[in-house]
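Engineer: heads up, no residue letters with this:
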C-alpha cells in the first residue's frame, strides 16, 4: 500500500514542478512583453514630443516667411500703383492738351512705364517641407491643406507674372515705348526711383540735345502714333490693375493663413 502511494506521489510532485516552471516561464514572458510595451510607449512619447517640437519650428518658420510675403506683396502693389498713376497722368495730359506736348514730367511718366515688377514668393520653408516630406508633421489637416493650397496658388501667380512681363510688357508695351518715346537714365519719377534705386543714375549730356525732343514731338503729333501710344498706355494700366487685384487677394490670404498659424501655435 505504501508503495502504491509513493508511486502516485512522485508523478504529482513532478506535475507540480512543471506547473511551477510553466508559471514562472509565463511570468518571465509577461514581464518581457510588458517591458517591450513600456519601451515602445516611451519611444512613441519621445517621437511625438520630437515631432511636436519640429512642427512648432515649421509653423514658426512659415510665420516668418508669410510676414516677409506681406512686405513682398506690398512692394508689388506699390510698383503697380506707380504705373496706374503714370498711365492716368499720360492720358489726362493728352486730354488737357488735345494731344501730346513733350515736357519733362510727361517723359518721366512715359519712362516709368518701361519698368515691370517680377514676383518671387518667399517659399523657402514650404519647398523644404515638400522636398523632405515633413509637411506631414503638421497635424492639423485643415491647416496643412490651407498651407499647400496657398503656396501652390502664389507660385502660379509668380509664374503668370513672369510670363506677362516677358510676353506683354517687354514684348508689346516696351516695343511701342522704345519707338515713340525718349528713354533717359535718371528721367523717372521720384516714386520709381524710391521703388527701384537703379533708376537714380547719372544723366548723359548728349541725350539732352533738343533735337531728340523735337523729333519725338513730331512723331507723337502724328495721330496714328498718338493712338498707338494711348492704346499701349491703356493696356499697361490694365495689366497693372490685374496685378493689383491678384496682389490684394494674396495679401488677404496671407493675413488669413498667418492667423490660422498663430492659433495653432497658441494651442
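Structural biologist: Happy to help now that I have it. Quick caveat: nothing in here was measured; it's all calculated off a predicted structure.
Engineer: mind checking how far the residue nearest to residue 199 when sequence neighbours are not counted is from residue 143?
Structural biologist: Once flanking residues are discounted, residue 199 sits nearest to residue 188: 4.4 Å by CB to CB, 6 or more residues apart in numbering. C-betas here are computed from N, CA, C, even on glycine. Here the criterion is CB to CB, to the nearest Å. By it, residue 188 lies 43 Å from residue 143.
Engineer: Spell out, range by range, the helices that occur in the protein.
Structural biologist: Using DSSP state H, the helices of the chain run over 2-97, 104-112, 124-132, 141-164, 174-180, 190-195, 210-221, 223-265.
Engineer: Give me the distance between residue 167 and residue 173.
Structural biologist: Looking at residue 167 against residue 173, where the rule is CB to CB, the gap reads 10 Å.
Engineer: More neighbours: which of these two?
Structural biologist: With other CB atoms under 10 Å as the criterion, residue 167 and residue 173 differ in neighbour count, and residue 173 comes out ahead with 20 against 10.
Engineer: ok, the more buried one - contacts?
Structural biologist: 113, 232, 235-236, 239 (CB atoms under 8 Å, 6 or more residues apart in numbering).
Engineer: ranking those residues by neighbours, who comes first?
Structural biologist: Using other CB under 10 Å as the neighbour definition, those reach their maximum at residue 236, which records 26 neighbours.
Engineer: Verify the stated contact: that residue with residue 88.
Structural biologist: No. At 10.7 Å, residue 236 and residue 88 do not qualify as touching, with contact defined as CB atoms under 8 Å.
Engineer: neighbour count winner among residue 188 and residue 143?
Structural biologist: Neighbour tally, residue 188 and residue 143, criterion other CB under 10 Å: the higher count belongs to residue 188, 27 against 17.
Engineer: So what does the more buried one look like in phi/psi?
Structural biologist: The phi and psi values for residue 188, taken as degrees, to the nearest 10, are phi -130, psi 160.
Engineer: Might one say that it is in contact with residue 110?
Structural biologist: No. With contact defined as CB under 8 Å, residue 188 does not count as touching residue 110 (9.8 Å).
Engineer: Could you report the neighbour count for residue 266?
Structural biologist: Summarising burial for residue 266: neighbours were counted as other CB under 10 Å, giving 6.
Engineer: meant to ask about residue 100
Structural biologist: There are 22 residues near residue 100, going by other CB under 10 Å.
Engineer: just residue 82 next, same as before
Structural biologist: Neighbour count for residue 82, taken as other CB under 10 Å: 23.
Engineer: Let me know how buried the closest residue to it other than its chain neighbours is, in neighbour terms.
Structural biologist: The shortest distance from residue 82 to any residue that is not its chain neighbour, by CB to CB, 6+ apart, is 5.0 Å, and that residue is residue 191. Around residue 191 sit 17 other residues, with neighbours defined as other CB under 10 Å.
Engineer: Ok, the one 5 residues further on next?
Structural biologist: Residue 196 is surrounded by 15 other residues when neighbours are defined as other CB under 10 Å.
Engineer: got the contact list for the residue nearest to residue 82?
Structural biologist: By CB under 8 Å, 6+ apart, residue 191 lies in contact with 82, 85, 112.
Engineer: Relative to residue 267, how far out is it?
Structural biologist: For residue 191, the distance to residue 267 (CB to CB) stands at 44 Å.
Engineer: Lowest mean pLDDT among the helices and strands, pick that one out for this protein.
Structural biologist: Counting by mean pLDDT, DSSP states H and E, the chain has its least confident helix or strand at helix 2-97, which shows a mean of 80.
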